[in-house]
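Q: coords please:
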Amino acid sequence: MKMIRAIVRPERAECVTEDLQRSGIVAMTRWDVTGRGRHGGVRIGSARYDELAKVMLMVVVEDDLVQTVVGAIVGGARTCNPGDGRVFISDVSVSYNIRTGEACSC
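A: A predicted model of the protein is given here:
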């Protein structure tokens, strides 16, 4: 299994979740976060904003669904401007069901 985390613009988060749902992915976690990428923030006139509002989405899926999820995220999040976001993919070796305590070796 893989954990896919994506950091996207807040105004594109709904498009991403809709694209994921159309792809059959309905389970996800969402956080409102702040941060900055390689651009180091943004300058508007004399004001500099070091940390910008973003949304982080997390999805855990079987390996064969990774490209479907990444395609939905990129398709929903892309504006072709700096700061569109980033997708991170990690291996998941085990998960636990809190209600039952059952472990799932992934």
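Q: The top helix by length along the chain: what's the following helix or strand?
A: Looking across the chain with DSSP state H, the single longest helix is helix 66-77. Going down the chain from helix 66-77, the next helix or strand is strand 85-91, by DSSP states H and E.
Q: partners of that following strand in the sheet?
A: strand 2-8 (antiparallel) (DSSP bridges).
Q: ok, the longest strand along the chain: who's next to it in the sheet?
A: Longest strand of the chain, by residue count under DSSP state E: strand 52-61. For strand 52-61, the paired strands and their directions (DSSP bridges) read strand 2-8 (antiparallel), strand 29-35 (antiparallel).
Q: Just list the residues touching residue 72, thanks.
A: Applying Cβ atoms under 8 Å, 6 or more residues apart in numbering to residue 72 gives the contacts 16, 19-20, 22-23, 25. For glycine as for every other residue, the C-beta is placed from the backbone atoms N, C-alpha and C.
Q: buried subset of the residues you listed?
A: Neighbour-count burial (16 or more other Cβ atoms under 10 Å) applied to these gives 16, 19-20, 23, 25.
Q: Take those residues and keep only those in strands.
A: Short answer: the buried ones among the contacts of residue 72 have none in strands (DSSP E).
Q: returning to that earlier point: please give the centre-to-centre distance between the longest strand of the chain and its chain.
A: Put simply, strand 52-61 sits 3 Å off its chain's centre (Cα atoms, centre = their mean, to the nearest Å).
Q: Okay, and which of the buried ones among the contacts of residue 72 map to helices?
A: 16, 19-20.
Q: ok, back up a step: orientation of the longest strand of the chain relative to helix 66-77 in degrees?
A: Counting by axes from the mean of the first three to the mean of the last three Cα atoms, to 10 degrees, strand 52-61 points 150 degrees away from the direction of helix 66-77.
Q: Of the strands paired with strand 52-61, which stretch is the most buried?
A: Of all the strands paired with strand 52-61, strand 2-8 carries the top mean neighbour count, a mean of 20, counting by mean count of other Cβ atoms under 10 Å.
Q: re earlier: any chance of the buried ones among the contacts of residue 72 in JSON lines with distance to residue 35 and pLDDT as columns?
A: What follows is those, written out as JSON lines (distance: Cβ to Cβ, whole Å; pLDDT from 0 to 100):
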{"residue": "16", "distance to residue 35": "17", "pLDDT": "97"}
{"residue": "19", "distance to residue 35": "22", "pLDDT": "96"}
{"residue": "20", "distance to residue 35": "22", "pLDDT": "97"}
{"residue": "23", "distance to residue 35": "26", "pLDDT": "94"}
{"residue": "25", "distance to residue 35": "24", "pLDDT": "95"}
